[in-house]
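my questions concern the predicted model and sequence given below.
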Amino acid sequence: MAGLVGIALVVAVVQWLLTHGWLLVLAAAVAFLVGVVWSQRRAQQAQWQQVRSQALRYGPTQLDALSHRDFEYAVRDLMRRDGCHDAVQVGGQGDLGADVKATDPYGRLWVMQCKHRRLGDRGGAVGTPELQVLNSTARPVHGADVVVIVTNGRITQPGRDFAQQQRIHLVDRRVLADWAAGSRPLWEVLRAVPPPRRPSALS
């Protein structure tokens, strides 16, 4: 009995569809148009997001006005602008010397420590102790290919000497202004960055 009812129902549906086939065509056309519009909007949103990201710029006074945590987010966003799509802010309690981590298009892992100074270059200079903390964890713990300390202030001469010995890249106020307000990625602003870890379309 149930089988007969099922067959009768299928026959009725088929007959209805044959009689009202234009509704199927209309539904398919509407679904197609909705799909096209949705796809175009997604593509447009992605394109605008890329444009906004590439247009990201910071001036020195803007960076000075940030809190320390927002300064870390700004550095993360600048790395994303440069093409490091996995850039992440990891600073906080137990960060083991890393505030921002990112992989560039060449496959190099960047480990960055951020030192924000509310008074900019009139604030306290970053010295050897901060660099020693970063140096002790960046490569052994985080596996960094490129180790960077970023500050909107100054770096002491002993700190610069230590950084040169330990292959730590320094982004002081001058370098930061060039990078944040310009359009070149950080690996083009800095000197002696390690070679790419893997071949890419950019290498």
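Ah, there it is.

tell me which element the residue nearest in space to the middle of the chain is part of?
The centre of the chain sits closest to residue 80, judged by CA atoms, centre = their mean, with a distance of 2.9 Å. Residue 80 is located in helix 68-81, with elements delineated by DSSP states H and E.

name the helices or strands packed onto that helix?
In terms of contacts (3 or more CB pairs under 8 Å, 6 or more residues apart in numbering; DSSP states H and E), helix 68-81 is packed against helix 21-54, strand 88-89, strand 100-103, strand 109-115, helix 173-181. C-betas here are computed from N, CA, C, even on glycine.

hey, least reliable of the ones you listed by pLDDT?
Mean pLDDT across the helices and strands packed on helix 68-81 is lowest at helix 21-54; the value there is a mean of 64.

what does the next helix or strand after it rub up against?
Beyond helix 21-54 on the C-terminal side, the first helix or strand identified by DSSP H and E is helix 60-64. By CB atoms under 8 Å, 6 or more residues apart in numbering, the surrounding residues in contact with helix 60-64 are 71, 74, 116-120, 152, 173, 176-177, 180-181.

any idea which of these is closest to residue 38?
Nearest to residue 38 among these, counting by CB to CB, is residue 74 at 33.4 Å.

quick check: that closest one touching residue 66?
Yes - A contact is recorded between residue 74 and residue 66 when judged using CB atoms under 8 Å, the distance being 6.2 Å.

higher neighbour count, those two?
Comparing residue 74 with residue 66 by neighbour count (other CB atoms under 10 Å), the higher total belongs to residue 74, at 23 against 16.

tell me the mean pLDDT for stretch 67-80?
Averaging pLDDT along stretch 67-80 gives 95.

what about residue 98, neighbour count?
Neighbouring residues of residue 98 were enumerated by other CB under 10 Å; the total is 22.

so what's it up against?
Contacts for residue 98 (CB under 8 Å, 6+ apart) come out as 90, 91, 111, 112, 113, 137, 138, 142.

tell me the bridge partners for the nearest residue to residue 84 once chain neighbours are set aside.
Taking CB to CB, 6 or more residues apart in numbering as the measure, residue 84 lies nearest to residue 102, with 3.7 Å between them; neighbours along the chain are not counted. Taking DSSP bridges, one finds residue 110 as the beta-bridge partners of residue 102.

what's residue 102 in contact with, if anything?
The contact partners of residue 102, by CB under 8 Å, 6+ apart, come to 76, 79, 80, 84, 86, 87, 88, 109, 110, 112.

separate out the buried members of these.
In the contacts of residue 102, burial by neighbour count holds for 76, 79, 80, 84, 87, 109, 110, 112, counting by 16 or more other CB atoms under 10 Å.

the fourth one belongs to a helix?
No - secondary structure assignment (DSSP: H, G, I helix; E, B strand; the rest coil) places residue 84 in coil, not in a helix.
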